[in-house]
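**Q** next input, structure requested:
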Amino acid sequence: MELTFAEVVDEVRDLPIDGKRQLMHLLEVELIEARRDEILANGEAAKKAYDKGELKAYSNVDDLMADLNA
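**A** I've put the predicted structure just below:
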């Protein structure tokens, strides 16, 4: 049986305070891991684009600005 979001929220509301704290910690850890995975995927995609020549690397901001203004 799959719970709806509203049912999950109701279940969370019924938890004791310690259970809510544990759930909050678990969600924080999950969000950190999800963001880490997202950053890794973005980095891998950027490296592939760079390897294909679709992305430029700049050694300083002046070079970037000069290219943007060109």
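**Q** can we go C-alpha only for contacts and neighbour counts from here?
**A** Will do.
**Q** got the phi/psi numbers for Tyr58?
**A** Backbone torsions for Tyr58, taken as degrees, to the nearest 10, come to phi -120, psi 140.
**Q** what pLDDT does the model give it?
**A** Residue-level confidence at Tyr58 comes out at 88, pLDDT.
**Q** can you count the residues close to it?
**A** 11 (other Cα atoms under 10 Å).
**Q** same check on Lys20?
**A** 14.
**Q** and the longest helix for this structure?
**A** The residue-count maximum for a helix in the chain (DSSP state H) belongs to helix 17-51.
**Q** give me the mean pLDDT for the following helix or strand past that one.
**A** Next along the chain after helix 17-51, taking DSSP states H and E as the criterion, comes helix 61-69. Averaging pLDDT along helix 61-69 gives 92.
**Q** show me how far stretch 1-10 is from its chain's centre.
**A** Here stretch 1-10 is found 24 Å from its chain centre; the criterion is Cα atoms, centre = their mean, to the nearest Å.
**Q** span of it from start to end?
**A** 16 Å (Cα to Cα, to the nearest Å).
**Q** which positions within it qualify as buried?
**A** Under the neighbour-count criterion of 16 or more other Cα atoms under 10 Å, stretch 1-10 has nothing buried.
**Q** for Val12, helix, strand, or coil?
**A** helix (DSSP: H, G, I helix; E, B strand; the rest coil).
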